[in-house]
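1. Okay, here's the prediction I keep looking at, along with the sequence it came from:
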Amino acid sequence: MFENKWQSISLILGVVFLLLSIAFIVVVGFDYPVFLLGTFSGTSFFISYAVKQSREFQLANQLTSLLERNQNVLSIFNRHVSPSMLSEPMDIEIAQISKLTVLDESLTVVLDDNEQGFDFKLTGDADAIKLRLKELLTKEELQQISLS
């Protein structure tokens, strides 16, 4: 049913928490809001963790999916937080980029030497992000852009 055991275990735990909450409401009522809040929190955590382990969500958060090139435009997605809320890409003309600063799980793009730009949260360490940028940009473009 699922790709890995943690996804299965998380979904099962989420369903157990949900059933426990429903049973508690039926038997006792709404007298214990802290217990209800705890069980619903457990339900949401385990079910969302199971969904985040899905292959589609992991593919959407790969560095190759977050950094793309479409002709002369660099499309950059922020790391997706949840499968139901995938972030929209920011399209930046490559000719406008003057500086790219890479940190672990982070990319800063500065436009036209005016020190204004954009910050993005990505997946991967700094070396992997730099490697992906070097794959996407030509040698001439890399000479025009300060990459650090």
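-> Yep, that arrived.

2. rest of the way, CA atoms for contacts and neighbours
-> Fine.

3. and the gap between residue 26 and residue 58?
-> Counting by C-alpha to C-alpha, to the nearest Å, the gap from residue 26 to residue 58 is 38 Å.

4. which one of those two has more residues nearby?
-> Neighbour totals were compared for residue 26 and residue 58, and residue 58 leads with 14 against 10 (other C-alpha atoms under 10 Å).

5. For the helix or strand bottoming out on mean pLDDT in the chain, buried residues please.
-> Ranked by mean pLDDT, DSSP states H and E, the weakest helix or strand in the chain is helix 33-52, scoring a mean of 73. Neighbour counts over helix 33-52 (16 or more other C-alpha atoms under 10 Å) mark 36, 39-40, 42-44, 46-52 as buried.

6. So which elements touch that helix?
-> Secondary-structure packing of helix 33-52 (3 or more C-alpha pairs under 8 Å, 6 or more residues apart in numbering; DSSP states H and E): helix 5-27.

7. And the helix it packs on, how far out from the chain middle?
-> Centre-to-centre, helix 5-27 and its host chain are 26 Å apart (C-alpha atoms, centre = their mean, to the nearest Å).

8. got the angle between that helix and helix 33-52?
-> 150 degrees (axes from the mean of the first three to the mean of the last three C-alpha atoms, to 10 degrees).

9. where in the protein is pLDDT low?
-> By pLDDT under 70, the weakly predicted segments of the chain are 1-4, 6-7, 30-31, 34, 36, 52-53, 80-86, 113.

10. Which segments of it make up each domain?
-> 5-53, 68-147 (automatic domain parsing).

11. and the ones you listed as a markdown table, adding distance to residue 62?
-> Output for the domains of the chain, formatted as a markdown table (distance: least, C-alpha to C-alpha, whole Å):
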| stretch | distance to residue 62 |
| --- | --- |
| domain 5-53 | 13 |
| domain 68-147 | 7 |
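
12. Now do the same contact list for residue 65.
-> Residues near residue 65 by C-alpha atoms under 8 Å, 6 or more residues apart in numbering: 59, 77.
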